[in-house]
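**Student:** sequence below, structure please.
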Amino acid sequence: MATVRLTMAQALIRFLSNQYIEFDGQETKCFKGVMGIFGHGNVTGVGQALEQYKDEILYIQGKNEQGMAHAAIAFAKQSNRLQMFACTSSIGPGALNMVTAAGTATVNRIPLLLLPGDTFASRQPDPVLQQIEYPLDYTVTANDAFKPVSKFWDRIVRPEQLMSSAIQAMRVLTDPAETGAVTLSLPQDVQCEAYDYPADFFRKRVHRIDRKPAAVPAVERAAQLIAGRKRPVLLCGGGVHYSLATEAVRRFAERFGIPVVETQAGKSAISWEHPLAFGGVGVTGTLAANRLAAEADLLLCVGTRLADFATASKTAFHPEAAVVHINVCPMDAFKLEGAAIVADAAAGLEALSEQLAKRNYRSSYEAGTLAALQSQWNDEVDRLYSLDMEQGLAQTRVLGEINRFIGSKDVIVCAAGSLPGDLHRVWRTTEPKTYHMEYGFSCMGYEVSGAFGVRLAEPGGEVYALVGDGSYLMLHSELVTSIQEGRKITVLLFDNHGFQCIHGLQTSQGGGSFGNEFRRRGDGARQLNGDYMPIDFAAHARSMGAATYSATTVEELRDALAKAKAEPGTTLVDIKVLPGTGTDGYESWWHVGVSEVSESDSVQAAYESMKRKRETARAW
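**Tutor:** Residues are numbered from 1 along each chain as shown. Below you'll find the model as predicted:
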């Protein structure tokens, strides 16, 4: 048997560069590259290997471990999970910085390969710099923190262990149902140890993602259930995009006259102009979608994990409404005790369509009723998009100006704060994959990093990060990486003086204004109740090399958007918006904990209201 003597790190990088994914007959190189930050725990191992194979695999230098890992997630998400980046860090704090990103990837079912350095397997030296010593179990290191947020975890303590572990890692990374974060902990001494690897380990491997077919009995049961219902609603999740099923959704909806609503991950599955498109549903849903959901007698869920925002904490749908799932993941397919079709989204829709056609099925909606409901909502969006306020810019007005300005194929990226709710309700998309929302984890700080990752996947058009000031302050480091790599992103920063989304939640549940706005502390004050802090975000971004503009009026905003688009490189527009000028709940509810005991009458009232609403929710 032919062998090749390499260090474990060299073998790993060479292995990664020879992995491919095939889907629908299209073959793609699995790893676009590796993002990393070097430290004593990986620079002489993985770092040396990346330098050795620099002509075979791209290396991108991150600026923050969480930021670069979020960029890798965004790249994989925008690439429909068919291509990815690996991320490498040193040990200790560098590794732990990636734990949040691991959670983001796993919750959202996005493949992410993490390669954190680890302590010496030989335990010499001991303890090494940045090592955590746990006296009850000396095998525990900081990297054990990745276990609960990873779909596969291993520690390579001998160089030959890499072979079986790498194959298992690829199994999870390319599994549509089980994918998420994969963590291979790499002790810094083992990274540099050599082994005679079989040459066959480095052959080209093609990981074929086959569309999981729908079981005939499951489809027949679902079709029989649907056939007895008059007012179904089709709910699109992220799986619709990953299975390239947007056209299948449109054909299915048109064939049977079923209105379409969307989760955050599913948004852009159908053009807002389509007569059966009713937008987001649930806590951040449109009035039209929420009313349809409340009156529906059946919910057809396609590629969604049914998080509490989509179901309005299990109150969005009639208690007696039936549920049918098409989902490649069995766990998701059995939620709300629905009839499960465990299958690829496109394959499942096609099989279900055939069975419904045999039954001559058609929903009982009247076209005029649906058109009136859609028109009413469109009028509301037009109103929000044109809202004038003497005090300054309303957030919905800013969104309207941006929505009208950008191209139909430009991509917006968002994740947290009040913007996701507004965007889910009012943002108008006509093309798939132009609405990139990380809302499974709703991880603050994802936006700028995510926009960089999307830009790596989408070299054409414009990529816009829509981010609040609070989220921007948490993490903006990959702004520098985008400049370094010559990958233009445009950051549209909504400065509303703090964490206004949570401030709104706080006050809506009977609380006072406490600890959420960016205000100065007054002399001797027990809380932050002074003036708003004046922060020049344009100056901050300019100091890092970005072109910048500021806007406080509609005219300035329009001018800034035009100039930003003309800029050749990364640009930030600092937009001052009025706090609390977003959208409301539109007949939805979100179950959050409210204090059962309080000295505040308003908190006590909020608790009683929550208790009454909770009684209407499904218990399973």
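**Student:** what helix or strand is the closest residue to Glu556 other than its chain neighbours on?
**Tutor:** Nearest residue to Glu556, sequence neighbours excluded (Cβ to Cβ, 6 or more residues apart in numbering): Ser550, at 7.1 Å. In short, each C-beta sits where N, CA and C put it, glycine included. Secondary structure assignment for Ser550, by DSSP states H and E: strand 547-551.
**Student:** could you give the bridge partners of the residue nearest to Glu556?
**Tutor:** For Ser550, the beta-bridge partners are Asp574 (DSSP bridges).
**Student:** now it: how far from Ala560?
**Tutor:** Relative to Ala560, Ser550 is positioned 7 Å away (Cβ to Cβ, to the nearest Å).
**Student:** next, the contact list for the closest residue to Ile37 other than its chain neighbours, please.
**Tutor:** Among residues not flanking Ile37 along the chain, Gly62 sits closest, at 5.0 Å (Cβ to Cβ, 6+ apart). If you count contacts by Cβ atoms under 8 Å, 6 or more residues apart in numbering, Gly62 has them with 35-37, 68-69, 71, 87, 477-478, 481.
**Student:** torsion angles phi and psi at Gly62?
**Tutor:** Dihedral angles phi and psi of Gly62 (degrees, to the nearest 10) take the values phi -80, psi 170.
**Student:** also Pro148?
**Tutor:** phi -70, psi -10.
**Student:** that one and Asp137: what is the separation?
**Tutor:** According to Cβ to Cβ, Pro148 stands 16 Å off from Asp137.
**Student:** mind checking which of the contacts of Gly62 land in helices?
**Tutor:** 68-69, 71, 478, 481 (DSSP state H).
**Student:** picking up where we left off before, who's more crowded, Pro148 and Asp137?
**Tutor:** Neighbour totals were compared for Pro148 and Asp137, and Pro148 leads with 11 against 7 (other Cβ atoms under 10 Å).
**Student:** measure the residue nearest the centre of the chain to Cys414 for me?
**Tutor:** For the chain, the residue whose C-alpha lies nearest the mean C-alpha position (Cα atoms, centre = their mean) is Glu438; its distance is 2.2 Å. Going from Glu438 to Cys414 by Cβ to Cβ gives 8 Å.
**Student:** what of Thr100?
**Tutor:** 17 Å.
**Student:** of these two, who's got more company?
**Tutor:** Taking neighbours as other Cβ under 10 Å, Thr100 and Cys414 compare with Cys414 leading, 29 against 20.
**Student:** list the residues that contact that one.
**Tutor:** Contacts of Cys414 (Cβ under 8 Å, 6+ apart): 420, 423, 436-438, 447, 465-467.
**Student:** show residues contacting stretch 528-548.
**Tutor:** Here stretch 528-548 has contacts from 469, 472, 476, 479-480, 483, 491, 493, 495, 497, 515, 517-522, 549-550, 564, 567, 569-574, using Cβ under 8 Å, 6+ apart.
**Student:** could you list the domains of the chain?
**Tutor:** With domains defined by automatic domain parsing, the chain comprises 3-208, 216-373, 386-497+533-576.
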